[in-house]
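Asks: test case, fold it:
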Amino acid sequence: MEELNRLEKPNQLKQWSVEELQEIITKYRLKVRVKKIELGI
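Replies: Predicted structure coming up:
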């Protein structure tokens, strides 16, 4: 239950920096691109 409460707090999101979020998005896009290449799309 403690983890849920922690996640609900808005200040929890502030711990994620813009750089970290961009890095995650970039990695996700790269994975998607690789999958598409593998599938021949």
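Asks: which stretches of the protein form helices?
Replies: Secondary structure of the chain (DSSP state H): helices at 2-8, 18-39.
Asks: could I get these as a markdown table with mean neighbour count?
Replies: No exception for glycine: its C-beta is placed from N, CA and C like everyone else's. Formatted as a markdown table, the helices of the chain follow (neighbours: other C-beta atoms under 10 Å):
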| stretch | mean neighbour count |
| --- | --- |
| helix 2-8 | 8 |
| helix 18-39 | 10 |
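Asks: comparing those, which yields the minimum mean pLDDT?
Replies: Note on these: lowest mean pLDDT is at helix 2-8, with a mean of 59.
Asks: how close does L30 sit to Q22?
Replies: Here the criterion is C-beta to C-beta, to the nearest Å. By it, L30 lies 13 Å from Q22.
Asks: with I41 instead?
Replies: Taken as C-beta to C-beta, the span from I41 to Q22 is 25 Å.
Asks: before we move on, what about Q15?
Replies: Relative to Q22, Q15 is positioned 15 Å away (C-beta to C-beta).
Asks: same question, I37
Replies: Counting by C-beta to C-beta, the gap from I37 to Q22 is 22 Å.
Asks: what of G40?
Replies: With C-beta to C-beta as the criterion, G40 and Q22 are 29 Å apart.
Asks: do V32 as well
Replies: Separation of V32 from Q22 (C-beta to C-beta): 16 Å.
Asks: also K35?
Replies: Going from K35 to Q22 by C-beta to C-beta gives 20 Å.
Asks: now do R29
Replies: 10 Å.
Asks: now swap in L39 and tell me
Replies: For L39, the distance to Q22 - C-beta to C-beta - is 26 Å.
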